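Chemist: need the 3D shape of this:
(chains A, B, C, D and E)
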Amino acid sequence: MLAAIPLLPLFAALIVGLSSRRIGDALALFVTCLFMLVATVIALQLCFSVVVQDTEKTIVLAPWFSLGSFEVAWAMRIDTLSAVMMAVVCLVSTLVHIYSAGYMRGDASLPRFMAYLSLFTFFMLALVSADNLLQMFFGWEGVGLASYLLIGYWHHKESAARAGVKAFLVNRIGDFGFVLGICATYAMFDTLVFSEIFARVPEVLGREFSVFGWKIEAVTAICLLLFAGAMGKSAQLGLHIWLPDAMEGPTPVSALIHAATMVTAGVFMLCRMSGLFEYSEDALAIITCLGAATALFAATVAVVQNDLKRVIAYSTCSQLGYMILAVGLSAYGAAMFHLTTHAFFKALLFLAAGSLIHALSGEQDMRKMGGLRAMVPLTYLLFWVGVLALAGIPILSGFYSKDIIIEAAWTSHTIVGLFAFVLANLGVFLTACYSTRMLVMSFHHSPRFDEKVMTHVHEAPPVMSIPLLLLACGAIGSGFLLKEMFVGNGSEAFWGGSLFVEDYHTALLDAHHAPRWVKSLPLFLAVLGIAFGLLCYQIFTTLPARLARFFRPLYRFLCEQWYIDALYRLLFVKSAFALARLLWQGGDMKTIDAFGPDGFSAVVRWLGGRFRLLQSGYVYHYVFAVVTGVVLLGAFAVIRNL
Amino acid sequence: MSEVLAALWFSLGVELVLACATLLLLLLGLLLPERNSARLVCYLSILLLVALAALLLWSRQDWRFSNESFSSEPAVTAVASLIDRHFRLDAFALFGKVLILLTTACVLVIGQVFVRHEAVSKSLYRFEYVIVVLLATLGMCLMVSAQSLLALYVGLELQSLALYICAAFQRDNLRSSEAGLKYFMLGALSSALLLFGCSLLYGSVGAIDFASISSASLSGESSLMLQVGMVLTLSAIAFKISAVPFHMWTPDVYEGAPSSTVAFLATAAKVAALALLMRLLVEAFLPLSEAWQPILALLALASMLLGALATLPQSNLKRFVAYSAITHIGILLIGFATATPEGMRAVLFYLSIYMTMTLGLFAVLLAMRNAGQPSERLYDLSGLSHTDPKAALALSVLMFSMAGLPPFAGFFAKFYIFLEALRSDLAWLALCGVVASVVSAFYYIRIVKVMYFDEPQEQVTLRGRSNRWILYGAAVAVVVLTLSPSWLLQQSEQAVRVLFAL
Amino acid sequence: MNDWPLLSTIIFLPLLGALLLTLIRGQDKDVALAAKATALWVAMSTFLLTLVLWYAFDPRQEGFQFAESSVWIAESGIGYRVGVDGISLFFVVLASFLTVLCILASWRSVAKRVRDFMAAFLVLESLSLGAFLATDTVLFYLFFEGVLLPMFYIIGVWGGERRIYAAFKFFLYTLLGSLLMLLSILSLTWIGGTTSFSELMQTEFSPALQKILWLGFFASFAVKTPMWPFHTWLPDAHVEAPTAGSVMLAGLLLKMGGYGFLRFCLPILPDASQFYAPLVFVLSAIAVVYASLVALVQTDIKKLIAYSSVAHMGFVTAGLFADNAQALSGAVMQMISHGLVSAALFLCVGILYERAKTRDIGAFRAVVQPMPVYARLTMVFMLASIGLPGTSGFVGEILTLLGVFRASPATAWVLALGMILGAGYMLHLYRRVFFGASEAKPAALYDLHLRENVILTSLVLPVLWIGLYPMPFLRIVALPLAPILGAAAP
Amino acid sequence: MLVPFSPFQLTEGLVFFAFATAITLCALGVVVVRNPVHAVLLMVAAFFSSAALFVMQGAEFLGLLLIIVYVGAIAVLFLFVVMMLDIRFVVTTRSRRKHVPLAVVVAGLLLAEFAAVVMLDTTRSQQQVAKPSPPRPLLDNTTELGLLVYSDYLVIFEIAGLLLLLAMLGAIVLTHRKREGVARQNIAEQLDRKEKARLVKVDSKGGV
Amino acid sequence: MSESVSSALQTFLPVGLPHYVLLSSALFVIGMLGLFLNRRHVIVVLMAIELLFLAASMNFIAFSTATGDLTGQVFALFILATAAAEVTVGLAILVVYYRNRASIAIDDISALKG
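Modeler: Residues are numbered from 1 along each chain as shown, chains lettered A, B, ... in the order given. Model prediction:
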């Protein structure tokens, strides 16, 4: 029966997808939303039963590969971690399904969209419930495919199609690391099933890989490779370039995939593999640094973005940095806690932005918004809830999950932890700034859009506002409700076997009794950030323009996302095409063909011509040839005998 | 009385019957009226040849053939001693003679349609032509069963003279007379070389029959004169089979001479020369094998490469056949260079298959008419698959087999040659053989391309029903030989075993 | 099964069909129809026979099943020996399956000399089946090289503009390779004393000798697979061949190279294979990256898919020489999946070519509007070609990668790189052809009708089946690979 | 220590050298001289001297035969053909001269090879075959030859006959031209009983 | 006679087999020269061929007298016969060629080439 959770969305996708033309919009919506609701109910019931009765089990559905020592099966591993993730995914996905009924109302091929959404949910659930690395990889790539389909859903838009391809390719670069990680695991552990991997870790600890000569400790290598996969999926610094472009897709897609579920798959994988990561110190250090760097980088860029959805996208990237940071400090509970809360308030923000854009009939540029406070009051209110949760104001969920991470950074007492602590705090300040900037620019002051759009502005219909309200409750409530279970002293029992923390990694435990100033510093910075944001955009509206002119190069630098995108395009895309053309014209045409077949046949043809001229037609040439032949053979015989 | 006859038959029977029949036909030709004398003489001679071949094959089973124990009557021993010094009919000679007789019969059959064409019939369509061909066949049969240098020389002379005459037979055509003249001059040179070689051999050995030469070269270190004599003799025969340094005459003579003669030259003459070479190498010079093996290897290498390369630019079909024949001779010489019984068996196997293929090719060449006129241009075949699908299919089967591609007998021929080359570690020669066969595969497949991929030429037709039957027969033979090549292998096996006296 | 010579019937039934075709009389139009019908019937019955073979195949039995052996040339011990085992079973099924599809696909696209076309295909099928089923080196060689003739004929007559050049290049390139192999086979026959596979596997050859023989086999199979430096004939042959021709070329002829390595190099010359393994790894790695990069800048769709085949076969060759169970079965699975996927992609291109009479990528924009069903099916094949999990491509790739990583991590790195580049050129192609906005409504592009739909769906099913549940295939393939590994162990 | 020469050896040497130089010079003359008639005559001289050498060596039958066959028949045939075909004296141009040195070099090599053979081998073959010289032939050279030809080499003899027949046949077939307008005697026709010229017995009374 | 003359004679005088073989080789080489050296008439070629045959028969006769058995002379006899037959056929072909080409200069015989 538990297998129904992933399979229900799959059936929905198949039913709707295969009969896409004949099935009407309404029926498609009904089928997908119904199947999702049923799946969510089962997932919640499962989550409750796992947390309470602590029933950890693995259900094998069907054998996939069995080749001598290499045994991999389609299986579901049910434990707290996967139950929680399944619950979150199902919840958010159902809400998005319902929301898109309203948002995508007039779309030409709505059934196709709903089918893709359900397909995505199936792949995500398969990933989350995976019992071995291979099935996780199946879900991993499936989710990448679904995001490619959904981003490129409006394929008549050239930019959407390109963004889809970009997303898939960058994910694929991440998967390159993941696959190599899988191969390395199999080479070392001779199995891909998690339980067996964790059991055999002690044997493998001492072994090493020799790649191109220099030696690298096996477990660290595997961790780094798996982390590369996580980087690709969770858009960490270096492989984050696809996230902003992914905003080309419809907003429900951004909400579901690029906020709540897919991007967190990387974090989930790291937590799932905690049993392995705990044994590699330098891998954890690298993860922490990268997480912190991403958090700061994304926050700085978000401050200068003008597109509403891009701001939220960068904020997601920044929050992901925090989660990865938490994993690096082996505070897996905090990471999962932040993941859950972030899923709620980020989905809320996205959907609210979606209804805003829906209201402005597709306008996404904040400079053309403003003055909507009166017209769409409910969205405005919900927007406030989202912004405050994001910034980390106490009663809202953001505060609990983000601050525990910052405290854990401090109490880890390592240089890396300290570095992370500083960056995290800077990030908090910037997060507060850009969230308030976003709020003010889109809702306050006078409307900056033309009359025609004004007539269409309307409050979100109920089918969109109900999911928003539910998410708002989640954003508010999830913080203090789940604090005890996820990170509090009850977390040991709560997580059970699914998260493994080395005994000397006590960052999370000490976090509760961190010094007072460490606890209050993030709150202070958040309030400061909000104030600064209001100062710049609400009161002295000309200040940002002057600041931008004053720090002209810095402003350009941030607008261009630190020129990373341009760098990649130059470094990889252009050089790949140039090398390809060189290899094709130069390689195939000129060298291999010229020296190979064509060259050989040309020489043969030329020789043929030469020999033909040898046949001069004069008898004395022929006689001369005969005589020389005889003389040569004779000489050969004579010399042999001397 | 019957004993003497049997003794006669089992030594030179075929040649005697052939000689007498030729003389009778000559007389008959004179007496018959002008118009139909040529046709009648030709049919009679074809009948004669086939009958002789059948008689030979039948006489195989006769016990006397195998153990040669004749009764001891004085008359029989006289006859036996008289002939046995110079000629012997053993399994090898029988294999050679049957092959020669059948090929000549086929050549005469396919030649008829060409000879009767009005463009050439005035000079070619005469009974003397058939008589000269028969005398050439007689010469060849003598060569094949020669046991002494003198017999070899006389047989070779008889065959060569007849071929010079055949080549120049078309009196009113300059190209034919030039071909004849060139063939004569170079042929005479080669006979002179042969003679001088034989004189040196006679000088060093003191006798002219192969057995004593072989025993002389066995005893003690063989003298230089013997080796130089051998070299000269071998180069004379290399001229006859047109191996490379001595091949210069082949393209010009093949292009100039009338097509029916070229068919005869390319098939029967080659068989006789190769049989002679094998008999000489094995019966006379086998102890000297480490002297002539490198020579033959060099000839093989040169022939294969030059033959393969020079055939590429050819567009005249007869010149094409000449050069491709040189390539095939190169591959055959690999078989000779192995100097082992299996190698020689492979040569005989290859030779018989090569003959069938060449006969099929000439059947088409002689039947080609471009707007009524006999044509030799290779590109006249273009689009044959549209105008004459069955003939096109048969010819492409032959071409694939010539190129040595697997589903056809040509492959097995090359298979055995390369197998024996590898067995007697001539791997480098086999490698050159591979390169040569790839290049040769190109120009054979080009013919198939011309027939199947190019646009058809309306005015090109294949006339001559008998040519068509020979073509289909050759194509079927090539396919059948793939399915069951073992009987031909056994025949060559026995022929070679006798030669090596195993 | 009773003593009915199943394998010989499978081999010679198509040949019989081809002969049958020549007997058809009547005027042109209905001769063509009759030819197509008979050809389809013969192909279908052969396919059914192969299915019977698959059903009757007992995966647990060692060695060759349904073996038939009769004397062919007594003197040199060459016999007509035929047998099937785990490795060759699926190639046989693939061969007959693809022939049925080809005949269906060229129902309307071939206009002139339809009878010859069908006859050539049946002969091609019969020869390739023979090559996969032969267990005698000479018989194998006979079929292996015999396949060149019908292929040459198909490319030469029904090909594109430069078909003559392409046909000759294909023919002579492969011929040179296979003649060098002939020398090795001859040495095997002579030194080994026998021409049957099972006995040759037992005979021991000195390592020095093995190294030379191995080169002979390498020359032929490297050209056939094609491995990196010897691949330049493939794009030309594919671009110029008719659709059905490309399908057979990609589906069958390329497999013979890999199959050859599996039959000859690994079991009979194990030490040489181990000695040359690094060379093969380097060439395969180059092949994967080189071909993927070059595919990126192609303007002709067929050439792009041809280069993708070179990249896929790079995986196969690396897997073959990685000397462990996963890699070997991965290579075989990759060959089967490549057979299905590249055949499907060529059929898709054929469908486009039939409608728009051009294969240039620039000529197509937003094809998804007029042909949504076609776009979705091509998407599935494109994903299989990239190796998305759940498709047959993934099964082959992951097993090969797992095996190759164990043998040489560096090669595994480069092969995994191929995954990225593969996604690169495929998605690049898909976006340029299917997506984008285009006002002009090209009348020519109409969506699939029944026949094409049946062809493509019948290819989607096995691709997904192998992807999701490869057990029946792995079980059958794993068994015969064990002795090969055993042999290779030092 | 000098071996005294018997007078016989002395004269034999002188005669041999005389004829040998004659032969070589004539042969060179045949090759070099421009006028073909001179060439034919020089050839005849060469044959004469070689015939002499043969006789000196004891093969007198062959020597005489040489004179009859070669000088008598073949040389005359050459003369006849030279006369018949009006051969213009072709002056060899300078350009054709350039190949001469190469030709001479190759010929020299050939001669060197044969000289090597001669030097190394004839002495040896002489000892080799120095079995007691056979008993002086009782019969003279011709009869002995005849006995041998008609006993051991009879078959070859027959074939040689066929060879000559073939030569005749070839010559006739190639060159014979039936030219009209040439009075030709047709014996059959002459002997034929024609109707009007037959002998009629006329009865004495009636008159003709 | 002085010492040196007789010793000189010593080497040359006793006329034996080597002298004859050397002479016939010289004749053979001259015949060869005649074949490819002259650029004038075909007749000279035929005559050169006759010289070759003569050289061969001389060689045979020399060996036959040296060894004493008559096979050499029989061989020479047959060489005579065949040489005669050769010349007849050669001249016949030459005449036919002359009728077609009206010239027998060696350089004109090049219609067939390539």
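Chemist: and for B:G197, nearest residue in space, chain neighbours not counted?
Modeler: Using C-beta to C-beta, 6 or more residues apart in numbering or on different chains and skipping the chain neighbours, the partner closest in space to B:G197 is B:L232 (3.0 Å). (Glycine included, C-beta is placed from N, CA and C.)
Chemist: give the helix, strand or coil label for the residue nearest to the spatial centre of chain D.
Modeler: Compute the mean C-alpha point of chain D, and by C-alpha atoms, centre = their mean the closest residue is D:Y70, 2.6 Å away. Secondary structure state of D:Y70, per DSSP: H, G, I helix; E, B strand; the rest coil, is helix.
Chemist: next up, the contacts around it.
Modeler: The neighbourhood of D:Y70, defined by C-beta atoms under 8 Å, 6 or more residues apart in numbering or on different chains, consists of D:F47, E:E50, E:L54, E:L80, E:A83.
Chemist: residue contacts, the residue of chain C found nearest chain D?
Modeler: Using C-beta to the nearest C-beta, C:E75 is the residue of chain C that sits closest to chain D, at 37.1 Å. Residues near C:E75 by C-beta under 8 Å, 6+ apart: B:S486, B:L489, B:Q490, B:E493.
Chemist: pLDDT value on the second one, please?
Modeler: The per-residue pLDDT reported for B:L489 equals 90.
Chemist: tell me the secondary structure for it?
Modeler: Here B:L489 is recorded as helix under three-state DSSP.
Chemist: now it: how far from chain C?
Modeler: From B:L489 over to chain C the distance is 5 Å, taken as C-beta to the nearest C-beta, to the nearest Å.
Chemist: what's the answer for the first one, then?
Modeler: B:S486 is 5 Å from chain C, where distance means C-beta to the nearest C-beta.
Chemist: for that residue, give me its contacts.
Modeler: Here B:S486 is in contact with C:I73, C:A74, C:E75 (C-beta under 8 Å, 6+ apart).
Chemist: closest to A:D565 out of these?
Modeler: Within the contacts of B:S486, proximity to A:D565 (C-beta to C-beta) peaks at C:I73, which comes in at 69.4 Å.
Chemist: pull up the gap between that closest one and chain B, please.
Modeler: From C:I73 to chain B the distance is 5 Å (C-beta to the nearest C-beta).
Chemist: now for that residue, how many residues are close by?
Modeler: 19 (other C-beta atoms under 10 Å in any protein chain shown).
Chemist: ditto for C:S220
Modeler: Close neighbours of C:S220, defined as other C-beta under 10 Å, add up to 28.
Chemist: please apply the same query to B:A268.
Modeler: Counted with other C-beta under 10 Å, the neighbours of B:A268 add up to 26.
Chemist: surely it touches B:V107?
Modeler: Yes: under the criterion of C-beta atoms under 8 Å, B:A268 lies in contact with B:V107, with a separation of 6.6 Å.
Chemist: which residues are in contact with the closest residue to chain A within chain B?
Modeler: Nearest to chain A, among the residues of chain B, is B:P245, at 3.0 Å (C-beta to the nearest C-beta). B:P245 sits next to A:A625, A:V626, A:T628, A:G629, A:L632, B:S235, B:A238, B:L299, B:A302 when contact means C-beta under 8 Å, 6+ apart.
Chemist: then E:S57?
Modeler: Counting by C-beta under 8 Å, 6+ apart, E:S57 touches B:L195, D:L62, D:L66, E:F75, E:A76, E:I79, E:L80.
Chemist: how far away is it from E:F75?
Modeler: Separation of E:S57 from E:F75 (C-beta to C-beta, to the nearest Å): 8 Å.
Chemist: next one: B:S492
Modeler: 33 Å.
Chemist: neighbour count winner among those two?
Modeler: Neighbours per residue (other C-beta under 10 Å) separate B:S492 from E:F75, with E:F75 holding more: 28 against 22.
Chemist: in which helix or strand would I find the closest residue to the more buried one other than its chain neighbours?
Modeler: In space, and not counting its chain neighbours, E:F75 is closest to E:F60: 4.9 Å by C-beta to C-beta, 6+ apart. Per DSSP states H and E, E:F60 falls inside helix E:42-67.
Chemist: helix or strand next in line after that helix, which one?
Modeler: Next along from helix E:42-67, by DSSP H and E: helix E:71-101.
Chemist: what average pLDDT does that following helix get?
Modeler: The average pLDDT within helix E:71-101 is 91.
Chemist: now do that helix against helix E:42-67, angle only.
Modeler: 180 degrees (axes from the mean of the first three to the mean of the last three C-alpha atoms, to 10 degrees).
Chemist: which strands or helices does helix E:71-101 pack on?
Modeler: Packing partners of helix E:71-101 (3 or more C-beta pairs under 8 Å, 6 or more residues apart in numbering or on different chains; DSSP states H and E): helix B:149-167, helix B:174-205, helix D:60-66, helix D:76-84, helix D:141-151, helix D:154-175, helix E:42-67.
Chemist: Serialize these to CSV and add fields for distance to B:V321 and mean pLDDT.
Modeler: Shown next, in CSV, are these (distance: least, C-beta to C-beta, whole Å; pLDDT from 0 to 100):
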stretch, distance to B:V321, mean pLDDT
helix B:149-167, 15, 94
helix B:174-205, 14, 92
helix D:60-66, 42, 90
helix D:76-84, 34, 84
helix D:141-151, 42, 85
helix D:154-175, 25, 92
helix E:42-67, 27, 90
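Chemist: follow-up on the earlier one: phi, psi for the residue of chain C closest to chain D please.
Modeler: Per-residue torsions, C:E75: phi -50, psi -50 (degrees, to the nearest 10).
Chemist: how about D:R193?
Modeler: Backbone torsions of D:R193, given as degrees, to the nearest 10, read phi -80, psi 110.
Chemist: could you list the low-pLDDT ranges of the chain?
Modeler: If you meant another chain, say so; for now it's chain A. For chain A, the stretches with pLDDT under 70 are A:20.
Chemist: chain C is the one I meant
Modeler: Across chain C, residues meeting the criterion (pLDDT under 70) sit at C:1-2, C:440-443, C:486-490.
Chemist: hmm, try it at 80
Modeler: Along chain C, the model assigns pLDDT under 80 to residues C:1-3, C:25-28, C:438-444, C:479, C:481-490.
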